[in-house]
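In: Need coordinates for the below:
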Amino acid sequence: MPRTLGASGPAVSPLGLGLAALGRPGYITLGHGEDLGQGRSVEAMERQAHAVLDAAYGSGLCYLDAARSYGRAEAFLASWLKARGLRPEDVVVGSKWGYTYTADWRVDAERHEVKDHSLPNLRRQWGESQTLLGPWLRLYQVHSATFESGVLEDAGVREELGRLRDSGVRVGLTLSGPQQAEVLRRALELRVGGAPVFSCVQATWNLLERSAGPALAEAHAAGWGVIIKEAVANGRLTARNDGDEALRPLRELAGELGVTMDVVAIAAVLAQPWVSVVLSGATTVEQLRSNVRALEVKLGNAQQEKLRGLVESPGDYWAKRSALPWN
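Out: Here you go, the predicted structure:
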């Protein structure tokens, strides 16, 4: 059944591709370094990104997600769109502002990105994103909105986002941390010129971290698009974490269904009625093809109940995520 990115949004595929692991040589996903091997030059990574994008588009994935802080992800996506001759209406492209990539193409950098939710940075990064992605860019998101950054209470930022909204670009926000639900509910209240500032949210929801679910359902009911990131918890819900005894119910169900753990993890997210798009964070074509198999798996209530015991507290989940090493 076709989906849309919110009540009034464009048609999207149930599964999309996020480029966090494809635009830079270092990332926190388990085994990222192993996936890239020695192919970490800009040219090699652009070829890798194009190969995964080809596999995604060939599998019917039409929502593609980047960010200013994902190294050269926007540039790799732009070169692929042009090389393949795709029209803006052939795909739905989203990107983000709020972090600047600072690792200088090094995996061992002291800081990989710097957060700045100021109005000058919004204007600068919007210009950079638009220069690269032009007419393909249909969704622009605040990257990792939190209460601490103050971005939701900045009147200048809100007015600027309202102008973007009025120009025809969909405006969204992404969430991270144990207060995802509270931040989302505050964002749902915000208005500029009598209209909602935002019409889309991207959040973490997976078998380990479900705390934002009720708030995401509220956003969906309000007509927002709901994009889910980290469906496999940066690799923690894949065979790369097979030694974790707590994941036994996931391993057993995957075995019963004849699929891999990532397939069940993504299928569990796709089963939520408030989801518009679930992002694959694949680094390789093989991972992408495995993730796509989730579209064929329909989990029943009893099967979903078997997985309920995997849930961690939000504090524990986000502490473990923060401890994942860049590789």
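In: which stretches of the stretch 1-150 of the chain form strands?
Out: Ranges of strands within the stretch 1-150 of the chain are 3-4, 11-12, 15-18, 63-65, 92-97, 99-101, 113-115, 137-145, based on DSSP state E, counting those that start in this stretch.
In: quick check: angle from the longest one to strand 92-97?
Out: Going by axes from the mean of the first three to the mean of the last three C-alpha atoms, to 10 degrees, strand 137-145 is angled at 40 degrees with respect to strand 92-97.
In: what comes up buried for the helix or strand just after strand 137-145?
Out: Remark: after strand 137-145, the chain's next helix or strand is helix 155-166, criterion DSSP states H and E. Neighbour-count burial for helix 155-166 flags 157-158, 160-162, 164-165 (criterion: 16 or more other C-beta atoms under 10 Å). Any C-beta I mention is one placed from the backbone N, CA and C, and that applies to glycine too.
In: Which one of the residues you listed is nearest to residue 19?
Out: Ranked by distance to residue 19 (C-beta to C-beta), those are led by residue 164 at 21.2 Å.
In: OK, contacts around the closest one?
Out: Applying C-beta atoms under 8 Å, 6 or more residues apart in numbering to residue 164 gives the contacts 126, 140, 171.
In: possible to save the residues you listed as CSV with neighbour count?
Out: Below are the contacts of residue 164 laid out as CSV (neighbours: other C-beta atoms under 10 Å):
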residue, neighbour count
126, 19
140, 26
171, 23
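In: Would you reformat those as JSON lines and include distance to residue 218 and pLDDT?
Out: Shown next, in JSON lines, are the contacts of residue 164 (distance: C-beta to C-beta, whole Å; pLDDT from 0 to 100):
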{"residue": "126", "distance to residue 218": "28", "pLDDT": "98"}
{"residue": "140", "distance to residue 218": "22", "pLDDT": "98"}
{"residue": "171", "distance to residue 218": "18", "pLDDT": "98"}
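In: Let's have the residues you listed in TSV, adding distance to residue 56.
Out: Listed next are those as TSV, based on distance: C-beta to C-beta, whole Å:
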residue	distance to residue 56
126	25
140	21
171	25
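In: Check whether the closest residue to residue 31 other than its chain neighbours sits in a helix, strand or coil.
Out: Nearest non-adjacent residue to residue 31, counting by C-beta to C-beta, 6 or more residues apart in numbering: residue 240, 4.8 Å away. Put simply, residue 240 is helix when judged by DSSP: H, G, I helix; E, B strand; the rest coil.
In: I figured residue 240 was touching residue 30, is that so?
Out: Yes - counting by C-beta atoms under 8 Å, residue 30 is a contact partner of residue 240 at 4.3 Å.
In: What separation do you get for the residue most central in space within the chain and residue 176?
Out: Geometric centre of the chain, nearest residue: residue 229, 3.7 Å, by C-alpha atoms, centre = their mean. As defined by C-beta to C-beta, to the nearest Å, residue 229 lies at a distance of 9 Å from residue 176.
In: what touches both of those two?
Out: Common contacts of residue 229 and residue 176 (C-beta under 8 Å, 6+ apart): residue 204.
In: For the closest residue to the residue nearest to the centre of the chain other than its chain neighbours, name its beta-bridge partners.
Out: Closest residue to residue 229 apart from its sequence neighbours, by C-beta to C-beta, 6+ apart: residue 279 at 5.0 Å. For residue 279, the beta-bridge partners under DSSP bridges are residue 16.
In: my read: residue 279 touches residue 16, true?
Out: Yes - between residue 279 and residue 16 a contact is recorded at 5.1 Å, counting by C-beta under 8 Å.
In: list the residues that contact both of those two?
Out: Counting by C-beta under 8 Å, 6+ apart, the residues touching both residue 279 and residue 16 are 63, 65, 227.
In: Take those and lay them out in JSON lines including distance to residue 83 and neighbour count.
Out: Formatted as JSON lines, the shared contacts of residue 279 and residue 16 follow (distance: C-beta to C-beta, whole Å; neighbours: other C-beta atoms under 10 Å):
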{"residue": "63", "distance to residue 83": "19", "neighbour count": "28"}
{"residue": "65", "distance to residue 83": "19", "neighbour count": "27"}
{"residue": "227", "distance to residue 83": "26", "neighbour count": "26"}
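In: Distance to residue 195 and pLDDT added to the residues you listed, as a markdown table?
Out: Shown next, in a markdown table, are these (distance: C-beta to C-beta, whole Å; pLDDT from 0 to 100):
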| residue | distance to residue 195 | pLDDT |
| --- | --- | --- |
| 63 | 24 | 98 |
| 65 | 24 | 98 |
| 227 | 21 | 98 |
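In: List just the nearest of these to residue 50.
Out: For the shared contacts of residue 279 and residue 16, the minimum distance to residue 50 (C-beta to C-beta) is 16.1 Å, reached by residue 65.
In: beta partners for that closest one?
Out: residue 18, residue 94.
In: For it, give me its contacts.
Out: By C-beta under 8 Å, 6+ apart, the contact set of residue 65 is 16-19, 93-95, 202, 227, 229, 279.
In: Can you give me the neighbour number for residue 225?
Out: By the criterion of other C-beta atoms under 10 Å, residue 225 has 29 neighbours.
In: How far away from the center of its chain is stretch 253-260?
Out: Computed by C-alpha atoms, centre = their mean, to the nearest Å, the separation of stretch 253-260 from the middle of its chain amounts to 25 Å.
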